[in-house]
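Undergrad: just a sequence and a predicted model for now, questions to come.
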Amino acid sequence: MPQYSYEAIGNQNKVVRGIAEAERPEDVVTLLRETGLYAYSVRPHKPVTLFRISKRRSVRTADLVVLTRQFATLLDAGIPVTESLSILARQTSNNSISTALTRITSEVRGGSSLADAFSKHPGIFDNLFVSMLQAGEMGGNLIQTMSRLSEHLEKEKKLRDNIKSAANYPKVVGAFAAVMFVVMMVFMVPSFKGFATEGTEIPAITLFIYSVSDSMRDWWYIWIAAIFLIVFLAMAFFQSRVGNEMWEKRKLRLPLFGSLLSKTVISRFVRTLSTLLRGGVPIVRALETSGPTSGSSLVANAVEAAAREIEVGRTISKPLAASGLFPPMVIEMISIGEETGNLPDMLDKISEFYDEEVETESKRLGTTMEPLLLILVGGIVGVMLIALYLPMFSSVLSYS
């Protein structure tokens, strides 16, 4: 039986983590609820080793956008579900999706529901996708549900593109600076070192640069091994429970990037919740699904608390406000949406506002980072050049 790692909320809002065996992720949620735990994250269990590197998803958001749009179009044309899935499996260029759709088609023909068949491929189709399928099947509006899901995925892709555009410039400049540093240390510093005459007093900073250069040239394999070791240890730490919790608590408050990450998390959560509610998913199930998709375990915890409040007849806005993660404007608009009965409309307005904020913030961040990084790189190069020229200046002055 498959194993699933879960994170749940217990008594006094205590986070509980563990591993459970079940046929489907939904069964894990049910089992935990029977014991008084409310799961906000359930995923296939993968044994963690010290040097395990997380695998990238082999399916891009753009692939899923095309898939959902084409699926809705085929269904709208009157083509049966199984035939539509078979057509999509043959024409998609992504091997992972093609293999999954082939298996799903076989399972649906064997009597399985769409949601159950898709849920067996969590590495491709997440809880949001499965929940929307289930709601579409139960409500008899699968075409409209797939159209809404494709629109949601298109917005999610745009949001991710904005985040990537903000991070691209620092990555490029950082890579360039690293290459330039290695070239200077390996090739340029030895040349300058030969210009220093005997008896010349060499400053401490210059001696330090000479030592680093000699070490990189003589012991280059140790440097490479040390870099790989540091990277692996850092990845293992942040994949651990302690490291992950530390990162989650601090990432939304990072200088420069914290505001962008916070707005991204809020936008993703409210848009997912709106999509699920418009698709006919019950509000408690919608909250349980939308929380983990936000990208922040802190938000997921707050949303899970809101789901529990709903179950006892209370409002969503109060536990979200108590978390301190959501701005007053968001809380106020959610509260108004609850009171007036048009929560999905309010959530859409919040999402549109924060999508624009993320786009503006990413551009502003790029504009801010550009001069800062140039100054930083220029400063490092300038200090190194001055340190390398100092012995030459001392030699000239001593001769004169």
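TA: Structure received.

Undergrad: list the contacts for Lys318?
TA: Glu309 (CB atoms under 8 Å, 6 or more residues apart in numbering). For every residue, glycine as well, the C-beta is placed using N, CA and C.

Undergrad: tell me the first helix or strand C-terminal of the helix or strand harbouring it.
TA: Using DSSP states H and E, Lys318 sits within helix 317-323. Helices and strands here follow DSSP H and E; after helix 317-323, the next one along the chain is helix 328-340.

Undergrad: same question for that next one, mean pLDDT?
TA: Average pLDDT, helix 328-340: 88.

Undergrad: so what's the gap between the helix holding Lys318 and the chain middle?
TA: How far helix 317-323 lies from its chain's middle: 24 Å, per CA atoms, centre = their mean, to the nearest Å.

Undergrad: buried ones in that helix, by neighbour count?
TA: Ser317, Pro319, Leu320, Ala321, Ser323 (16 or more other CB atoms under 10 Å).

Undergrad: pick the one among those closest to Arg217.
TA: Arg217 lies nearest to Ser323 out of the buried residues of helix 317-323, by CB to CB, at 53.1 Å.

Undergrad: need the contact list for the closest one.
TA: If you count contacts by CB under 8 Å, 6+ apart, Ser323 has them with Leu298, Val299, Asn301, Ala302, Ala305.

Undergrad: which element follows the helix or strand hosting Met146 toward the C-terminus?
TA: According to DSSP H and E, Met146 maps onto helix 142-183. Scanning forward in sequence from helix 142-183 by DSSP H and E, the next helix or strand is helix 189-195.

Undergrad: could you say what helices and strands the next helix or strand after that following helix packs with?
TA: In the C-terminal direction, the helix or strand that comes right after helix 189-195 (DSSP H and E) is helix 204-218. Under the contact definition 3 or more CB pairs under 8 Å, 6 or more residues apart in numbering; DSSP states H and E, helix 204-218 sits against helix 189-195, helix 343-399.

Undergrad: okay, buried residues for the shortest one please.
TA: Buried residues in helix 189-195, counted by 16+ other CB under 10 Å: Val189, Phe192, Lys193.

Undergrad: so the last one makes contact with Tyr210?
TA: Yes. Taking contact to mean CB atoms under 8 Å, the distance of 5.7 Å between Lys193 and Tyr210 places them in contact.

Undergrad: where does this protein have low pLDDT?
TA: By pLDDT under 70, the low-scoring segments of the chain are 1-2, 7-15, 40-41, 45-58, 196-200, 394-400.

Undergrad: tell me the domain boundaries of it?
TA: With domains defined by automatic domain parsing, the chain comprises 3-44, 61-150, 151-400.

Undergrad: how far does the second one stretch from start to finish?
TA: In other words, domain 61-150. Start-to-end span of domain 61-150 (CA to CA, to the nearest Å) is 10 Å.

Undergrad: just give me how far it sits from the chain centre.
TA: When C-alpha coordinates are averaged (CA atoms, centre = their mean), domain 61-150 and its chain have centres 24 Å apart.

Undergrad: then the first one?
TA: Centroid separation for domain 3-44 versus its chain: 22 Å, with CA atoms, centre = their mean.

Undergrad: for stretch 308-317, buried residues please.
TA: Glu309, Ile310, Ile316, Ser317.

Undergrad: format the residues you listed as a markdown table; extra columns: distance to Leu276.
TA: Output for those, formatted as a markdown table (distance: CB to CB, whole Å):
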| residue | distance to Leu276 |
| --- | --- |
| Glu309 | 18 |
| Ile310 | 13 |
| Ile316 | 13 |
| Ser317 | 18 |
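
Undergrad: and of these, the nearest to Ser262?
TA: The shortest approach to Ser262 among the buried residues of stretch 308-317 belongs to Ser317, at 18.2 Å (CB to CB).

Undergrad: what sits against the closest one?
TA: For Ser317, the contacting residues are Ile331, Glu332, Ile334, Ser335, Glu338, by CB under 8 Å, 6+ apart.

Undergrad: repeat for Glu311
TA: Val284.

Undergrad: same question, Trp247
TA: Contact analysis of Trp247 by CB under 8 Å, 6+ apart lists Phe238.

Undergrad: out of the buried residues of helix 317-323, which is nearest to Gly136?
TA: Closest to Gly136, out of all of the buried residues of helix 317-323 and judged by CB to CB, is Leu320, at 27.4 Å.

Undergrad: returning to what we had before: winner for burial among the domains of the chain?
TA: Ranked by mean neighbour count, the domains of the chain are led by domain 61-150 with a mean of 18 (mean count of other CB atoms under 10 Å).

Undergrad: now do the end-to-end distance for stretch 83-99.
TA: From its first residue to its last, stretch 83-99 covers 15 Å (CA to CA).

Undergrad: then stretch 4-22?
TA: 7 Å.

Undergrad: ok, so of the contacts of Ser317, who is nearest Ile386?
TA: Ile331 (53.6 Å).

Undergrad: how close does the closest residue to that closest one other than its chain neighbours sit to Ala89?
TA: Using CB to CB, 6 or more residues apart in numbering and skipping the chain neighbours, the partner closest in space to Ile331 is Ala321 (4.6 Å). To Ala89, Ala321 is 46 Å away according to CB to CB, to the nearest Å.

Undergrad: what is the nearest of the buried residues of stretch 308-317 to Ser119?
TA: Proximity of those to Ser119 (CB to CB) peaks at Ile310, which lies at 23.6 Å.

Undergrad: going by secondary structure, the closest one is in what exactly?
TA: Using DSSP H and E, Ile310 maps to helix 297-311.

Undergrad: swap in Val16?
TA: Val16 belongs to strand 15-21, assigned by DSSP H and E.
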